[in-house]
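S.K.: got a sequence here, can you model it:
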Amino acid sequence: MIIGILGLQGCCLPHQQQFASLGVATRRIVYGQDLDGVAGLVMPGGESTTMLKTAPPGLWEAVTAFAAQRPVWGICAGAILMAREVTHPAQRSLDLLDIGVSRNAYGSQIDSFVADVALALDPPVTLPCIFIRAPRILRVGSGVTVCASLRGDAIMVASSRHMATTFHPELTAQPHLHRHFLQIAERHR
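M.R.: Have a look, this model is predicted:
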């Protein structure tokens, strides 16, 4: 199995390391054809506006077509890209998950924080969740389940194929979410 990691900008190497620790190869995705043979796609944290602006022609169309068949996991900026609606300020997104998000809703870089949160995985687990200029999920729509919340806000959501987290699990030594994503990818091969 090969997992793709969107490689336009952002936090790629820690995801590669997490998957490698689980014995899974990764491929950096920059062009649409890079998705060939990939079982799932991680859209990492970083700056969503920069990712939108630096994407080569045809990449977003290829990601959307890929997401119709295979799982995608958006982390922080990746969750913004996956959302149906984006505010604060509004920007284009891929509409892969029926969620509404507000960008940088927890504050600026200096307002970053870590919180231990219970995640509804199988089996359930409590993990340190790292929030860096994190978006806030304002609305969860049809076909989307809340898997974890903090202070009344959803911080991890999933559909039958996709998932999004507003925190950065790749920055911890805990591979639980990466393993969970591999299980989703295996089910959709």
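S.K.: apart from its neighbours in sequence, what residue is nearest residue 31?
M.R.: Leaving aside its chain neighbours, residue 31 sits nearest to residue 56 (5.7 Å; criterion: CB to CB, 6 or more residues apart in numbering). Quick note: C-beta positions are derived from backbone N, CA and C, even for glycine.
S.K.: tell me the pLDDT of the one you found.
M.R.: Note on residue 56: pLDDT of 97.
S.K.: report the buried residues of stretch 177-189.
M.R.: For stretch 177-189, burial by neighbour count (16 or more other CB atoms under 10 Å) applies to 177-178, 180-182, 184-185.
S.K.: any weak-confidence spans in the chain?
M.R.: Scanning the chain with the threshold set as pLDDT under 70 gives no residue ranges.
S.K.: what about the helices in it?
M.R.: All helices of the chain, identified by DSSP state H, fall at 13-21, 48-54, 59-67, 77-82, 176-187.
S.K.: for residue 160, grab the count of nearby residues.
M.R.: Neighbour count of residue 160, defined by other CB atoms under 10 Å: 11.
S.K.: who touches it in this structure?
M.R.: The neighbours of residue 160, taking CB atoms under 8 Å, 6 or more residues apart in numbering as the test, are residue 143.
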